[in-house]
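**Student:** Have a look at this fold, sequence not included:
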């Protein structure tokens with residue numbers, strides 16, 4: 001499985017995550033879809049590091065950066081979603097329209 005195989009799997013995972021984010025109305029499932037998209041990016045970056053120019057740590061550095069962003073997003077995003085769910089008693093994002101005001 002060469003670089004093209006990893007990129008194909010990464011693109012499929014990213015597409016599933018993007019579809020899941022747009023099709024779902026549950027806030028927690030939307031966060032899971034975002035995590036799936038970030039992991040798809042990580043897979044492509046690690047594949048680039050493995051099959052890219054020798055001695056270039058660019059893929060690994062970007063993968064670590066994406067993992068740090070994913071950890072921060074999961075921590076802050078999940079805390080906010082759980083706080084909203086506790087006050088609103090629902091995880092459906094359609095019910096959060098009054099938060100815009």
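**Tutor:** Sure, I can see it. Computed from a predicted structure; not experimentally measured. Numbers count the residues shown, from 1 in each chain.
**Student:** Can you get me a residue count around the residue nearest to residue 6 when sequence neighbours are not counted?
**Tutor:** Computed as C-beta to C-beta, 6 or more residues apart in numbering, the closest residue to residue 6 that is not its neighbour in sequence is residue 47, at 3.4 Å. C-beta coordinates here come from the backbone N, C-alpha and C atoms, glycine included. Using other C-beta atoms under 10 Å, residue 47 is surrounded by 21 other residues.
**Student:** does residue 47 belong to a helix or a strand, and which?
**Tutor:** Residue 47 belongs to helix 27-51 when assigned by DSSP states H and E.
**Student:** Can you give me the buried ones in whichever helix or strand comes after that helix?
**Tutor:** The element immediately downstream of helix 27-51 (helix or strand, assigned by DSSP H and E) is helix 58-88. Neighbour counts using 16 or more other C-beta atoms under 10 Å place 59, 62, 63, 66, 70, 77, 81, 84 of helix 58-88 among the buried residues.
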